[in-house]
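Chemist: Here is the input, now give the coordinates:
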Amino acid sequence: MLMNVPNFLTWLRIMAIPLFVGIFYLPADWLSPAGQNLAATLVFGAAALTDWLDGYLARVLNQTSAFGAFLDPVADKLMVAAALIVLVYLERLDAPIALIIIGREITISALREWMAQIGKSKSVAVSFLGKIKTVSQMIAIPLLLYHEKIGDYFDPQVVGTWLIYLAAFLTLWSMVYYLKAAMPHVIHHR
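Modeler: Have a look, this model is predicted:
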């Protein structure tokens, strides 16, 4: 089934990407920089929420599909890549960190596709380490987007920077883990 509630939410997430990026191109008399930060944070947060919700609904409504299983991670990676590029553009994130995270996502996606073609997709199933990386990244990005200090003591930029560096470290570590798990199959199928 190509269009069901979970897939519709995934499509909404993909369609939100131009809106998310476009927020930072609005004239200052339409939306102040602080307003842009808040709006982008809310759009990203809503996208993250629909990511959880579409998976939950797919299971509860028994509307899982091969198309949804393909589209959901694509939507996630597109939204995260867009956010990282925006953060580099806003000079809130160093480009090498964005390249590490985006490059790993492309590499592991290609590896998973290849492993699925040879019937070994379970060898590179999502690990606990990958889940920790995702959580760290999904907390860091909204903090970096929001950017404005909260009260006298909480600086989202500082906390977000630490978390995105942690996510980058875990990104490399999990990539090594997945590549190591796939290596016997790579050698066997040369």
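
Chemist: For the rest of this, base every contact and every neighbour count on C-alpha atoms.
Modeler: OK.

Chemist: So the residue nearest the centre of the chain, which state does it fall into?
Modeler: The residue lying closest to the centre of the chain (Cα atoms, centre = their mean) is residue 80, at 3.5 Å. Put simply, residue 80 is helix when judged by DSSP: H, G, I helix; E, B strand; the rest coil.

Chemist: same check, this time on the one 4 residues further on
Modeler: Of the three states, residue 84 takes helix according to three-state DSSP.

Chemist: any idea how far it is from residue 54?
Modeler: 23 Å (Cα to Cα, to the nearest Å).

Chemist: Quick one: residues contacting residue 165.
Modeler: residue 97 (Cα atoms under 8 Å, 6 or more residues apart in numbering).

Chemist: Quick check: which element contains it?
Modeler: Applying DSSP states H and E as the criterion places residue 165 in helix 156-188.

Chemist: circling back to that earlier point, need the pLDDT of the residue nearest to the centre of the chain.
Modeler: On pLDDT, residue 80 comes in at 95.

Chemist: can you list the weak-confidence ranges in this structure?
Modeler: Along the chain, the model assigns pLDDT under 70 to residues 1, 119-127, 186, 189-190.

Chemist: what's the burial count for residue 60?
Modeler: For residue 60, the count of nearby residues is 10 (other Cα atoms under 10 Å).

Chemist: and it, what is it in contact with?
Modeler: For residue 60, the contact set (Cα under 8 Å, 6+ apart) is empty.

Chemist: do you know how far it is from residue 43?
Modeler: Between residue 60 and residue 43 the computed distance is 25 Å (Cα to Cα).

Chemist: One more: residue 17?
Modeler: Residue 17 is 9 Å from residue 43, by Cα to Cα.

Chemist: now do residue 172
Modeler: In this structure, residue 172 lies at 28 Å from residue 43, with Cα to Cα as the measure.

Chemist: So which of those two has more stuff around it?
Modeler: A count of neighbours by other Cα under 10 Å puts residue 43 above the other of residue 172 and residue 43, at 19 against 16.
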